[in-house]
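[1] Coordinates only, no sequence provided:
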């Protein structure tokens, strides 16, 4: 099995504007969930979330692209620039051998909402082309390819909250199948009123910062941001003297085929995704030290995920360190898988377990070693990162210390 490693990491999220700052904030146990300012939350059940404080495009971006770029595009571009600089590929990869695969769900919806609002109020007589061209979820990958010269295979995935976890899995396949020499992979998402209203109507939003696995949990907190990694074979990375942050070993996917918004009650889909990931990685449950859980903070999802983890790991489940970084950055939907994968990558590299920062009273019914407070020092070898989306889209990544 070809070993595939991460040689570049970049992120822009509510907690930090770079990967090193993100690692530091996770260690410290920081939380970025606060009152929202991106749009008016008057009348909503909840008025909080986790937003990125700065969505300014890079100063070097050409004028025409600067006029059309969406908030989600900005996050993706800044994260990708950081990841590529970190990987330091230079001229070692031909543009046509450099692929890109991104996950997301809302695209440029926030800007489209503003455009529609201006038309409805009479503030603008006609729609602006520049405000709508970045609406499709595929726009971010298109922009990155144009700006960064990524002429290899290109793909956008939208499988709800597992979108960017799947992006990393597909990138892993591309490297092993020889479709590309290196792949820029990850996800991006911006907050928008439409999605916020949808979760509000489902009564899924908490009025306080979400508390995954807490016995008093009552809903999730939405967030935004992007995370991008550069993947290449370990052999190629070693040949050019590149630093490897972590290994991407395998991924497993499944579909609940049960309900549009609710997980299967016994966690069947989640169990299958984890078991497939471990089988592909050729690992036993006892080999895993940490799970970055999907952990949304809703009563049903956390309970089902706990059942699934126990089903897969048995008695070993109680010695596993488990946490949800959504307590720090909110639920970033299509970008969640990539942001949480980066959290797991820096944990493997730097020797700590991120905590569930808002967890105060662990739900004893979960029966797991739930990490809280600040990051816990630990020498990790193998970790899972779980991402479960609406429609029963389940993905588990297997990540290892390089």
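    Nice, I can see it. Everything quoted here is computed from the prediction, not taken from an experiment. Residues are numbered from 1 along each chain as shown.
[2] any idea which residue sits dead centre in the protein?
    residue 336 (2.5 Å; C-alpha atoms, centre = their mean).
[3] That residue reaches residue 387, doesn't it?
    Yes - using C-beta atoms under 8 Å, residue 336 is in contact with residue 387, at 6.1 Å. No exception for glycine: its C-beta is placed from N, CA and C like everyone else's.
[4] Tell me the residues that contact both of the two, please.
    Common contacts of residue 336 and residue 387 (C-beta atoms under 8 Å, 6 or more residues apart in numbering): 161, 164-165, 294.
[5] Those residues: which two are farthest apart?
    164 and 294 (12.9 Å; C-beta to C-beta).
[6] for the helix or strand harbouring residue 77, packing partners?
    Using DSSP states H and E, residue 77 sits in helix 71-87. In terms of contact count using 3 or more C-beta pairs under 8 Å, 6 or more residues apart in numbering; DSSP states H and E, helix 71-87 is assigned the packing partners strand 4-12, helix 19-28, helix 109-121, helix 139-148, strand 182-189, strand 225-233.
[7] picking that back up, kindly state the pLDDT recorded for the residue nearest to the centre of the chain?
    The score at residue 336 is 98. That number is its pLDDT.
[8] What is the three-state secondary structure of it?
    Under DSSP: H, G, I helix; E, B strand; the rest coil, residue 336 falls in the helix class.
[9] now that we have the shared contacts of residue 336 and residue 387, which one has the most neighbours?
    residue 164 (37 neighbours; other C-beta atoms under 10 Å).
[10] Chain neighbours aside, what residue packs nearest to that residue?
    Using C-beta to C-beta, 6 or more residues apart in numbering and skipping the chain neighbours, the partner closest in space to residue 164 is residue 187 (2.5 Å).
[11] quick one, what contacts that neighbour?
    Contacts here follow C-beta under 8 Å, 6+ apart; on that basis residue 187 touches 102-104, 163-164, 167, 226-227, 332, 334-339.
[12] so what's it bridging to?
    Here residue 187 sits in beta bridges with residue 103, residue 227, going by DSSP bridges.
[13] counting contacts, what elements does the helix or strand harbouring residue 386 pack onto?
    Following DSSP H and E, one finds residue 386 within strand 382-389. Counting contacts by 3+ C-beta pairs under 8 Å, 6+ apart, strand 382-389 packs against helix 163-177, helix 268-281, strand 290-292, helix 299-313, helix 336-350, strand 393-401.
[14] you'd agree residue 347 is up against residue 381?
    No - in this structure, residue 347 is not within contact of residue 381 by C-beta under 8 Å, at 11.6 Å.
[15] who's more crowded, those two?
    More neighbours surround residue 347 than the other of residue 347 and residue 381, with 29 against 12 (other C-beta under 10 Å).
[16] and the closest residue to the residue nearest to the centre of the chain other than its chain neighbours, what is it in contact with?
    The shortest distance from residue 336 to any non-neighbouring residue, by C-beta to C-beta, 6+ apart, is to residue 161 (5.4 Å). By C-beta under 8 Å, 6+ apart, residue 161 lies in contact with 105, 294, 331, 333-334, 336-337, 387-390, 393.
[17] swap the cut-off to 6 Å and go again
    333, 336, 387, 389 (C-beta atoms under 6 Å, 6 or more residues apart in numbering).
[18] what's the angle between the strand holding residue 386 and helix 336-350?
    Between strand 382-389 and helix 336-350, the angle comes out at 170 degrees (axes from the mean of the first three to the mean of the last three C-alpha atoms, to 10 degrees).
[19] Residues touching the helix-or-strand element of the chain with minimal mean pLDDT, excluding its own?
    Every helix and strand of the chain was ranked by mean pLDDT, DSSP states H and E. The lowest is helix 129-132, at a mean of 78. Residues outside helix 129-132 that contact it (C-beta under 6 Å, 6+ apart) are 67-68, 111-112, 115.
[20] Give me the domain ranges for the chain.
    Domain ranges of the chain: 4-239, 246-401, per automatic domain parsing.
[21] Of those domains, flag the one that's most buried.
    Greatest average neighbour count among these goes to domain 246-401 (a mean of 22), per mean count of other C-beta atoms under 10 Å.
[22] so who does residue 333 touch?
    Residues near residue 333 by C-beta under 6 Å, 6+ apart: 105, 161, 189.
[23] Touching, the first one and residue 332? I think so.
    No - taking C-beta atoms under 6 Å as the contact criterion, residue 105 and residue 332 are not neighbours in contact, 9.8 Å apart.
[24] how long is stretch 44-60 end to end?
    The first residue of stretch 44-60 is 38 Å away from its last residue (C-alpha to C-alpha, to the nearest Å).
[25] Check stretch 25-44 too.
    Counting by C-alpha to C-alpha, you get 29 Å between the two ends of stretch 25-44.
[26] Any chance you could list what contacts it?
    Contacts of stretch 25-44 (C-beta under 6 Å, 6+ apart): 14-16, 47-51, 191, 193, 200, 209, 221, 328-330, 343, 352, 354-355, 357, 373-375.
[27] rerun at 7 Å
    By C-beta atoms under 7 Å, 6 or more residues apart in numbering, the residues outside stretch 25-44 that reach it are 14-16, 47-51, 191, 193, 196, 200, 209, 221, 325, 327-330, 343, 346, 352, 354-355, 357-358, 373-375.
[28] Okay, and which of these map to helices?
    Secondary structure from DSSP state H places 193, 196, 200, 327-329, 343, 346 of those in helices.
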